[in-house]
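Trainee: sequence plus the predicted model coming up.
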Amino acid sequence: MRQIARKVKRMLLWLVLLLVVLIAGPLWTLATGRVPLYADWRTATHRSTGLAPDPTAYREPVVQVYASRAFGWRGAFGVHTWIAAKPRNADRYTRYEVLGWFARTGQPVISVSSAHAPDAEWYGARPMLLSDCRGADAEAAIAKLEAAIASYPHALSYSVWPGPNSNTFVAYIAREIPELELTLPSIAIGKDYLPIGDLFARAPSGTGYQFSLLGLIGATAARHEGIELNVLGLVVGFDLRRPALKLPGIGRVPER
């Protein structure tokens with residue numbers, strides 16, 4: 001009985017340590033004010049940040065991928081990602097992203113729109129540029145984009161956690177279009193979500209592979225992503241190529 005009790009205590013201790021590791025980052029993010037909790041979505045800004053080239057001056061094709069902290073308390077845990085593309089000689093960009101509120105009315109969740117700037121703030125949160133594909137690679141990516149979007153298997157479903165969500169969509173497109181050479185942030189919750197019955201897939205960057213059980217638990221080993229362990233959608237890992245730790249709610253330490 002004593003041996004059993006010691007094993008149970010040891011297991012509980014490991015569970016407590018795991019819980020601390022998983023929630024410490026999001027709590028720190030909230031405590032340091034990196035995510036505003038009392039913002040109003042109706043008045044939050046969507047200003048252009050100057051990260052995308054002016055389409056009237058830059059006539060070559062462009063495909064960019066962005067990530068911004070999610071709105072409200074969700075931003076303590078993860079980011080929202082989207083794709084912006086401009087064909088050669090086009091006068092504007094088109095944004096491709098998944099919007100969860102579409103699902104509430106039974107609509108397809110994929111938004112294809114030019115209403116906002118490609119590099120706009122996401123409800124006041126400044127975006128980070130994840131991928132900047134231009135020239136011939138951008139042209140090749142744009143040629144594949146429509147078919148990749150049409151084949152997305154979760155066009156009618158959405159779940160903030162563990163997915164499918166906006167990050168699931170961008171990860172899927174990245175696997176379908178290797179020209180993007182996209183490495184998603186470890187805090188892009190939902191990027192590791194795979195459909196029921198699919199346990200293995202290429203990493204979004206295309207430089208390795210991942211195992212995932214519905215985005216709830218899994219692991220990734222890839223040249224660009226490094227080693228990532230996913231527990232309940234929160235990722236702990238490390239990057240040897242560009243040395244850094246990856247922590248839930250925080251992402252890379254140090255940042256790029």
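Mentor: Good, I have the coordinates.

Trainee: now the element after the longest helix seen in the chain, going C-ward?
Mentor: Looking across the chain with DSSP state H, the single longest helix is helix 2-31. Sequence-wise, the next helix or strand downstream of helix 2-31 (DSSP states H and E) is strand 62-69.

Trainee: from the contact counts, what lies against that following strand?
Mentor: strand 79-86, strand 128-134, helix 135-150 (3 or more CB pairs under 8 Å, 6 or more residues apart in numbering; DSSP states H and E). In this view, the C-beta of every residue, glycine as well, is placed from N, C-alpha and C.

Trainee: repeat that with 10 Å
Mentor: Applying 3 or more CB pairs under 10 Å, 6 or more residues apart in numbering; DSSP states H and E, we find strand 62-69 packed against strand 79-86, strand 94-98, strand 128-134, helix 135-150, helix 166-176.

Trainee: CA-only coordinates of it in CSV, if you can.
Mentor: Taking C-alpha atoms only, strand 62-69 is exported to CSV below (Å, rounded to 0.1, in the frame of the first residue of the first chain):
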residue,chain,number,x,y,z
VAL,A,62,3.0,38.7,-53.1
VAL,A,63,1.7,36.1,-50.5
GLN,A,64,2.1,36.9,-46.8
VAL,A,65,1.1,35.2,-43.7
TYR,A,66,0.4,37.1,-40.4
ALA,A,67,-0.4,36.3,-36.8
SER,A,68,-1.8,38.6,-34.1
ARG,A,69,-2.8,37.9,-30.5
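
Trainee: how distant is that strand from the center of its chain?
Mentor: Counting by CA atoms, centre = their mean, to the nearest Å, strand 62-69 is centred 10 Å from the centre of its parent chain.

Trainee: picking up where we left off before, counting contacts, what elements does the longest helix of the chain pack onto?
Mentor: strand 226-231, strand 234-239, strand 244-247, strand 251-253.

Trainee: kindly recompute the last result at 8 Å.
Mentor: strand 234-239, strand 244-247.

Trainee: can you list contacts of the shortest one?
Mentor: The contact list for strand 244-247 (CB atoms under 8 Å, 6 or more residues apart in numbering) reads 21, 24-25, 186, 226, 228, 235-239, 252-256.

Trainee: ok, back up a step: redo the helices and strands packed on helix 2-31 as CSV? Include mean neighbour count, distance to residue 127 and mean pLDDT.
Mentor: Shown next, in CSV, are the helices and strands packed on helix 2-31 (neighbours: other CB atoms under 10 Å; distance: least, CB to CB, whole Å; pLDDT from 0 to 100):
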stretch, mean neighbour count, distance to residue 127, mean pLDDT
strand 234-239, 20, 20, 96
strand 244-247, 20, 20, 96
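
Trainee: show me what counts as buried in the longest helix of the chain.
Mentor: 22, 25-26, 29-30 (16 or more other CB atoms under 10 Å).

Trainee: report the rounded mean pLDDT for it.
Mentor: Here helix 2-31 scores 78 as its mean pLDDT.

Trainee: what angle do it and strand 234-239 make?
Mentor: 80 degrees (axes from the mean of the first three to the mean of the last three CA atoms, to 10 degrees).

Trainee: chain center to helix 2-31: distance?
Mentor: For helix 2-31 - counting by CA atoms, centre = their mean - the centre lies 26 Å from the chain centre.

Trainee: now do stretch 224-243
Mentor: That offset, for stretch 224-243, works out to 13 Å (CA atoms, centre = their mean).

Trainee: also stretch 100-108?
Mentor: With CA atoms, centre = their mean, you get 20 Å for stretch 100-108.

Trainee: what's it in contact with?
Mentor: Taking CB under 8 Å, 6+ apart as the rule, stretch 100-108 contacts 109, 111, 155-158, 160, 165-166.
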